[in-house]
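> build me a model:
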Amino acid sequence: MSDFAPQLHAAMRAARRAGEFLRAHFRTPLPVDEMLAHDIKLRLDKETQQLIEHELRRDYPNYAVLGEEGRRVAENQPEWIIDPIDGTVNYFYGIPLFCVSIALRVQGKVVLGCVYDPMQDECFCALAGGLATCNGREIRVSPRSQMRDAVVFVGHGTHDGSGAAGIERFAHISAQVRKIRILGTAALTLCYIAAGRFDAYIENRINLWDFAAAALILERAGGQFLFTPTDAQAEKGSVLAWNGALPLPQAANLPFEP
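Numbers count the residues shown, from 1 in each chain. Okay, the predicted model is just below:
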């Protein structure tokens, strides 16, 4: 567990440094690189990833990088998985729900995760085999076992061909639970499940950098996470995540093998 503690500290330092940078630019005029129908690409995304990579290279100059804003290949080296701003649309619109996400993958396995919410100053962390924490305090998933008591995040695609199915799933789940919430940031949603604030998350299309760090945090907090890849590199796919107590796979009519 402790083998990667130094790397976790480096990730925490980089995430907090990036968070300071994002706070400083929040609700200021933001240059847009690309305005898509259902997404926004900010110049700040690239600048934040560059900042994170610079911080991480101080101690680990040879590591590979897989990020939303680019990839650096290094054979037979551990790989940082970075989402510099998870919740870019929120950030652009001045909504204070976004985070920095950093994971480390070694020989195909994620060994650490760090998700930092700069607006709440909450740093969620975990090492493989260790505890999940928020600002150094252990967190655990909720014990809620009835769908009628649950608060659930249900995402539905808008531009990837999954829109109709996603809306149908949204309606199906919303009739069974106490509340549906959509934060606009997958990493924070998973961390909120880890901390017992939410209970489950369903998403039809998501990228690896969106969830790599937070999935480990959720699992170390006692939750369950199922990723079904839709591409050969296993970098995109669907997600089913929950506290482990809810009958979510059955309620969502989705196959699951524990």
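
> can we go C-alpha only for contacts and neighbour counts from here?
Will do.

> looking at the protein, which helix or strand is least sure?
Lowest on mean pLDDT, DSSP states H and E among the helices and strands of the chain sits strand 32-35, with a mean of 68.

> hmm, who's touching the longest helix anywhere in the chain?
Taking DSSP state H as the criterion, the chain has its longest helix at helix 5-25. With contacts defined as C-alpha atoms under 8 Å, 6 or more residues apart in numbering, helix 5-25 is touched by 48, 51-52, 55-56, 59, 84, 99-103, 112-119, 123, 127.

> again, but for stretch 133-140
122-126, 131-132, 194-196, 217, 221-222.

> and if we set it to 6 Å?
Cys123, Phe124, Cys125, Ala132, Ala194, Ala195, Ala221 (C-alpha atoms under 6 Å, 6 or more residues apart in numbering).

> just the buried residues of that stretch, please?
The neighbour-count check on stretch 133-140 (16 or more other C-alpha atoms under 10 Å) flags Thr133, Cys134, Glu138, Ile139, Arg140 as buried.

> tell me which element the first one is part of?
The reference is to Thr133. Thr133 is part of strand 132-134, with elements assigned from DSSP states H and E.

> pLDDT averaged over that strand - what is it?
For strand 132-134, the mean pLDDT works out to 98.

> before we move on, the earlier item: which of the contacts of stretch 133-140 tops the neighbour count?
Highest neighbour count within the contacts of stretch 133-140, by other C-alpha atoms under 10 Å: Ala194, with 35 neighbours.

> that one against Arg220, yeah?
No: taking contacts as C-alpha atoms under 6 Å, Ala194 lies outside contact range of Arg220: 8.1 Å.

> that older thread, inside strands: which ones of the contacts of helix 5-25?
Among the contacts of helix 5-25, the residues falling in strands (DSSP state E) are 84, 99-103, 112-117, 123, 127.

> which of those residues lies closest to His172?
Cys99 (29.1 Å; C-alpha to C-alpha).

> if the residue lying closest to that closest one once chain neighbours are set aside is in a bridge, with which residues?
Distances taken as C-alpha to C-alpha, 6 or more residues apart in numbering place Asp117 nearest to Cys99, at 4.5 Å, with adjacent residues excluded. Using DSSP bridges, the beta-bridge partners of Asp117 come out as Glu122.

> could you pull out the buried residues of stretch 222-239?
For stretch 222-239, burial by neighbour count (16+ other C-alpha under 10 Å) applies to Gly222, Gly223, Gln224, Phe225, Leu226, Phe227, Pro229, Glu235, Lys236, Gly237, Val239.

> any idea how far Ala18 is from the fourth one?
I take that to be Phe225. Distance from Phe225 to Ala18, counting by C-alpha to C-alpha, to the nearest Å: 27 Å.

> show me where pLDDT drops low in the protein?
1-2, 33-39, 156-166, 254-258 (pLDDT under 70).

> would you map out the domains in it?
What automatic domain parsing lists as the domains of the chain is 2-138, 147-247.

> ranking those domains by burial, who's on top?
Ranked by mean neighbour count, those are led by domain 147-247 with a mean of 20 (mean count of other C-alpha atoms under 10 Å).

> re the thing from before, can you redo the contacts of stretch 133-140 as JSON lines with distance to Phe153?
Listed next are these as JSON lines, based on distance: C-alpha to C-alpha, whole Å:
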{"residue": "Cys123", "distance to Phe153": "21"}
{"residue": "Phe124", "distance to Phe153": "19"}
{"residue": "Cys125", "distance to Phe153": "21"}
{"residue": "Ala132", "distance to Phe153": "21"}
{"residue": "Ala194", "distance to Phe153": "13"}
{"residue": "Ala195", "distance to Phe153": "14"}
{"residue": "Ala221", "distance to Phe153": "18"}
